[in-house]
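Trainee: using only what follows, build the 3D model:
(one chain, ligands or ions: 1)
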Amino acid sequence: MFITTKLPSGRAGRERSTLSASLRGLGTPYVDLWLVHWPPAGRLLTLVWQEFLAMRDAGRARAVGVSNYSLAQIDRLIEATGQAPAVNQIPWSPARYDPALLAGHRERGVAVEGYSPLKGTDLADPVLAGIAAAHGVSTAQVVVRWHLEHGVTVLVKSSHPDRIAVNIDVSGFSLSPDEVTAINGLSRR
Ligand SMILES: NC(=O)c1ccc[n+]([C@@H]2O[C@H](COP(=O)([O-])OP(=O)(O)OC[C@H]3O[C@@H](n4cnc5c(N)ncnc54)[C@H](OP(=O)(O)O)[C@@H]3O)[C@@H](O)[C@H]2O)c1
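Mentor: Predicted coordinates:
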């Protein structure tokens, strides 16, 4: 189990009480990862981050990070505190592939967690279908594996237990550099 929870939008300024409520609700003394769900406006951006670091240092979260932040906003956190978020959780999928954005996170030591990997993807796309057929897997598995080939943590969701099991069963194959490049080419950026 790896437990992540977030500071919801509108809770800026009430970080400590919000995390305490989350921990009580989860029945755990700490979470593995605590994220700011959306970047707060103005000075709150860095003030919230300072509170996050304090709560991490107090042992209430093993790691702290952000979600839906731009690189410029991450730079403001680093300038203010000298500490980068462990993670930025952002929408990611072949259609959103952006090598400069990925490199920017890597340079700052921030792990990318990609959300909505399938929602933004045409699972009937012939490029994905061809690669899936070559490996004897589903196109959803190809998309999940493509994230891992790029070092992106992938948050894939399903309400069907059988799909959940198949979607994460991606350790039995890997994509060749040519296949990764072909999927990168589905980017609409
Ligand atoms: N930080 C943020 O602001 C933010 C925003 C959005 C989401 N998220 C996180 O990201 C996670 C995933 O996001 P998401 O739900 O938007 O995206 P997703 O995992 O890309 O898409 C889920 C959709 O794909 C379908 N699906 C799953 N497996 C499939 C398969 N093998 N074949 C065909 N369809 C399949 C699901 O339908 P069924 O359920 O019917 O299988 C569901 O409709 C969420 O759990 C959430 O925690 C974060």
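
Trainee: nearest residue to the middle of the protein?
Mentor: residue 113 (1.7 Å; C-alpha atoms, centre = their mean).

Trainee: who touches the longest helix seen in the chain?
Mentor: Criterion DSSP state H: the longest helix present in the chain is helix 44-57. Helix 44-57 has contacts (C-beta atoms under 8 Å, 6 or more residues apart in numbering) with 7, 12-13, 15-16, 19, 34, 36, 39-40, 61-64, 66, 73, 76-77, 80-81, 83, 85. For glycine as for every other residue, the C-beta is placed from the backbone atoms N, C-alpha and C.

Trainee: and with 7 Å instead?
Mentor: Helix 44-57 has contacts (C-beta atoms under 7 Å, 6 or more residues apart in numbering) with 12, 15-16, 19, 34, 36, 39-40, 61, 63-64, 73, 76-77, 80-81, 83.

Trainee: report the buried members of these.
Mentor: With burial judged by 16 or more other C-beta atoms under 10 Å, the buried subset of those is 12, 15, 19, 34, 36, 39-40, 61, 63-64, 73, 77.

Trainee: does the residue lying closest to residue 12 once chain neighbours are set aside sit in a helix, a strand or a coil?
Mentor: If the residues on either side of it in the chain are set aside, residue 12 comes closest to residue 40, at 4.2 Å by C-beta to C-beta, 6 or more residues apart in numbering. Put simply, residue 40 is coil when judged by DSSP: H, G, I helix; E, B strand; the rest coil.
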